[in-house]
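**Q** What follows is a predicted protein model with its sequence.
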Amino acid sequence: MAVSKHRAFLKWAGGKYSLVEQINAHLPEAKKLIEPFVGAGSVFLNSDFQHYVLNDINPDLINLYNLLKAQPDALINDLKHYFSAHHNSENIYYGLREEFNQTSDEYYRALLFVYLNRHGYNGLCRYSLSGRFNVPFGRYKRPYFPEREMYHFAEKSQKAKFTCLPFERVFQHARRGSVIYCDPPYAPISKTALFTSYAAKQFSLSCQHKLAVLAQRAAFKRHIPVLISNHDLPLTRQMYHGARISTLNVKRSISQKGSARKPVSELLALFHHKPVYPIGAVEHPIDNK
């Protein structure tokens, strides 16, 4: 759908910038794109729908997007102050991180969210169970100020509605004429690989199953197509029974140790009107949940 690619203004672990062409190729035509897990918004920025509903469970992210949509000039001009050499220091970073965790001022939190994202380690967005942002200082020589990317996001966001709801509610509100793209926290490739700290809430295996059930119901009963990204695992292939499965060409790898990193396969599962195989054709552990 998109002619030129646009980068998100936030750094984002698991972002889909490198895969937008493949994702767009699998998205059915529709007037509205709904994203229950919008993250940094690479698919939104590189697709061409008339309307968007962009949701995320992280209230800091959605607060930032709504403010950028409403007042881009003020937000971007005020943010420039935080991208000076003075602010690129460990002491300043941890001081501002603490201010972020203490303040309830939505505008100040939006400024600091971008600052922490660009100065923190690896662009991670991580919270403790008590809801405190806890990503360490990133030690970058000169963090990039994404002014151009923020203006582009603000311009395109005029076509979008931003919400902060559980993904189940997003599915409830979806109507025919829409297509849903889901990029949830990925299913763990091992029992020790559960990522539990995004937005201070865990996306458990039961959530993975629930998402698969909602996708089946939306597509097969309500005729709202659903496309889901995830790790290509026996577990996910079983959960997405009845969907059209495509393997993604990815370069992403997983492991904290560089020498131990191995490529990880990913898939796209498209639920679209009629299942590829009848839902009852094989034993399917999520049907009765």
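**A** That came in fine, so what should we check first?
**Q** So what sits opposite F137 in the bridge?
**A** Assessed by DSSP bridges, F137 has beta-bridge partners G120.
**Q** For E168, see how far away it is.
**A** 36 Å (CB to CB, to the nearest Å). Yep, even glycine has a C-beta here, placed from its N, CA and C like the rest.
**Q** L227: what's it in contact with?
**A** I23, H26, L27, V179, I180, Y181, C182, L268, A269, L270, F271 (CB atoms under 8 Å, 6 or more residues apart in numbering).
**Q** Restricted to helices, list those residues.
**A** I23, H26 (DSSP state H).
**Q** which one of the contacts of L227 sits closest to N122?
**A** Set against N122, the nearest of the contacts of L227 by CB to CB is I23 (22.8 Å).
**Q** mind listing what's buried in stretch 164-171?
**A** Within stretch 164-171, the residues that count as buried by 16 or more other CB atoms under 10 Å are C164, L165, F167, V170, F171.
**Q** Over to stretch 168-184?
**A** Neighbour counts over stretch 168-184 (16+ other CB under 10 Å) mark V170, F171, A174, S178, V179, I180, Y181, C182, D183, P184 as buried.
**Q** so which two of these are the farthest from each other?
**A** Top of the distance list for those (CB to CB): S178 and P184, 17.9 Å.
**Q** hang on, the earlier thing: which of the contacts of L227 fall in strands?
**A** Here DSSP state E is the test, and the contacts of L227 give V179, I180, Y181, C182, L268, A269, L270, F271 as lying in strands.
**Q** So, low pLDDT: which residues of the stretch 151-289 of the chain?
**A** Counting by pLDDT under 70, the stretch 151-289 of the chain has low-confidence residues at 190-201, 251-263, 276-289.
**Q** you'd agree F153 is in a helix?
**A** Yes - counting by DSSP: H, G, I helix; E, B strand; the rest coil, F153 is found in a helix.
**Q** Name the nearest residue to the residue positioned nearest the centre of the chain, ignoring sequence neighbours.
**A** With distances taken as CA atoms, centre = their mean, the residue of the chain nearest its centroid is G39 (2.6 Å). Nearest residue to G39, sequence neighbours excluded (CB to CB, 6 or more residues apart in numbering): W12, at 5.3 Å.
**Q** hang on, the one you found packs against V43?
**A** No - checked against CB atoms under 8 Å, the pair W12 and V43 is beyond contact range at 11.7 Å.
**Q** okay, the two: which has more neighbours?
**A** V43 (28 against 18; other CB atoms under 10 Å).
**Q** Please report how far that one lies from L268.
**A** V43 is 12 Å from L268, by CB to CB.
**Q** Quick check: neighbours shared by those two?
**A** Common neighbours of V43 and L268 (CB under 8 Å, 6+ apart) are I23.
**Q** Now do the contacts for the residue nearest to G39.
**A** Counting by CB under 8 Å, 6+ apart, W12 touches G39, A40, S42, G123, C125.
**Q** Where does confidence bottom out across those?
**A** The member of the contacts of W12 with the lowest pLDDT is G123, at 87.
**Q** burial of it, as a residue count?
**A** 18.
**Q** Could you do I62 as well?
**A** Per other CB under 10 Å, the neighbour tally for I62 reads 18.
**Q** Now tell me what touches the strand or helix carrying it from outside.
**A** I62 is part of helix 59-70, with elements assigned from DSSP states H and E. If you take CB under 8 Å, 6+ apart as the criterion, helix 59-70 is touched by 38-39, 41, 54-56, 75-76, 106-107, 109-110, 113-114, 125, 133, 150, 153-154, 157-158, 160, 162-164, 199.
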